[in-house]
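Chemist: Just to be clear, the model below is a prediction. Sequence and coordinates:
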Amino acid sequence: MAMSNAERQRIYRKSRRTAGDNGERQLNVWVTTHAAQSLTYLAKYHGVTKREMLERLISAEDARVTHGMSEAEIDRYVTE
């Protein structure tokens, strides 16, 4: 018996959790129109997808925040 679309989607989404180096997670969020447009402009300007641009922005901010933190501070940062 063939799988339904819902079954195929469930299997695909579950497989994403272990994809790549560290798995992937799906985000579903509402943002302001301005933020959405800015993400579109930034991605186009840098020649990347919106996903790549968002990942770059998040990673850069995380690196900025954690730069110079001690191990104890980083432990608190990732557990709180």
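Modeler: Nice, thanks for sending it over. If you're wondering where the values come from, they're calculated on a predicted model, not measured in any experiment.
Chemist: low pLDDT regions in this protein?
Modeler: For the chain, no stretch is flagged by pLDDT under 70.
Chemist: repeat that for 80
Modeler: 1, 17-21, 80 (pLDDT under 80).
Chemist: Pick out the residue closest to the middle of this protein.
Modeler: Glu55 (5.2 Å; C-alpha atoms, centre = their mean).
Chemist: give me the element that one is part of.
Modeler: Using DSSP states H and E, Glu55 maps to helix 50-66.
Chemist: Who are the contact partners of the residue lying closest to Thr49 once chain neighbours are set aside?
Modeler: Nearest residue to Thr49, sequence neighbours excluded (C-beta to C-beta, 6 or more residues apart in numbering): Ala43, at 6.1 Å. For the C-beta atoms, the positions are set from N, CA and C on the backbone; glycine is no exception. Ala43 sits next to Thr49, Lys50, Glu52, Met53 when contact means C-beta atoms under 8 Å, 6 or more residues apart in numbering.
Chemist: that older thread, any idea how far the residue nearest to the centre of the chain is from Glu71?
Modeler: Distance of Glu55 to Glu71, computed by C-beta to C-beta, to the nearest Å: 25 Å.
Chemist: do Glu80 as well
Modeler: 15 Å.
Chemist: buried ones in stretch 25-39?
Modeler: Using 16 or more other C-beta atoms under 10 Å as the test for burial, stretch 25-39 gives Leu39.
Chemist: Ends of it, what's the gap?
Modeler: By C-alpha to C-alpha, to the nearest Å, the extent of stretch 25-39 from end to end equals 19 Å.
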